[in-house]
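Asks: Fold the stuff below for me.
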Amino acid sequence: MIAYNNEEISQLYIHVDYQGFGIGQLFLDIAKSQSSGKLTVTTFEINKNAQRFYEKNGFQKVGRGHENEEGLPDIQYEWHAR
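Replies: Here you go, the predicted model:
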């Protein structure tokens, strides 16, 4: 599932049994194509798979924090269309 608008991906989750089949990539590509040319997304610092995924897709780290329901450290990423 993905929840997004033209500036932010607020949620992108793929069940572990379905990861690695290109579903997340498809969702991300759709969000990019419908974006304003810039997208932000935040992921938990502990989620190394998500970090690799976003970095592989051109997202750059722009901040760190822990202002989420779980109170866990997170990383904010930003992507810009070229």
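Asks: From now on I want contacts and neighbour counts done on CA atoms only, so please keep to that.
Replies: Will do.
Asks: Can you give me the buried ones in the top helix by length along the chain?
Replies: Selection of the longest helix in the chain by residue count, based on DSSP state H, yields helix 23-33. The neighbour-count check on helix 23-33 (16 or more other CA atoms under 10 Å) flags G24, F27, L28, A31, K32 as buried.
Asks: any chance of those in JSON lines, with distance to N57 and pLDDT too?
Replies: Output for those, formatted as JSON lines (distance: CA to CA, whole Å; pLDDT from 0 to 100):
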{"residue": "G24", "distance to N57": "11", "pLDDT": "97"}
{"residue": "F27", "distance to N57": "12", "pLDDT": "98"}
{"residue": "L28", "distance to N57": "9", "pLDDT": "98"}
{"residue": "A31", "distance to N57": "12", "pLDDT": "98"}
{"residue": "K32", "distance to N57": "10", "pLDDT": "98"}
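Asks: List the strands paired with the helix or strand just after the longest helix of the chain, with their directions.
Replies: Counting by DSSP states H and E, the next helix or strand C-terminal to helix 23-33 is strand 38-44. The pairing partners recorded for strand 38-44 under DSSP bridges are strand 8-12 (parallel), strand 74-80 (antiparallel).
Asks: quick one: strand 38-44 to helix 23-33, angle?
Replies: Relative orientation of strand 38-44 versus helix 23-33 (axes from the mean of the first three to the mean of the last three CA atoms, to 10 degrees): 140 degrees.
Asks: show me the contacts for the residue nearest the centre of the chain.
Replies: Centroid check for the chain by CA atoms, centre = their mean gives V41 as the closest residue, at 4.4 Å. By CA atoms under 8 Å, 6 or more residues apart in numbering, V41 lies in contact with E8, I9, S10, Q76, Y77, E78.
Asks: picking that back up, any residues touching the longest helix of the chain, and which ones?
Replies: Residues from elsewhere that reach helix 23-33 (CA under 8 Å, 6+ apart): I2, Y4, N5, N6, I9, L12, Y13, I14, K38, L39, A81.
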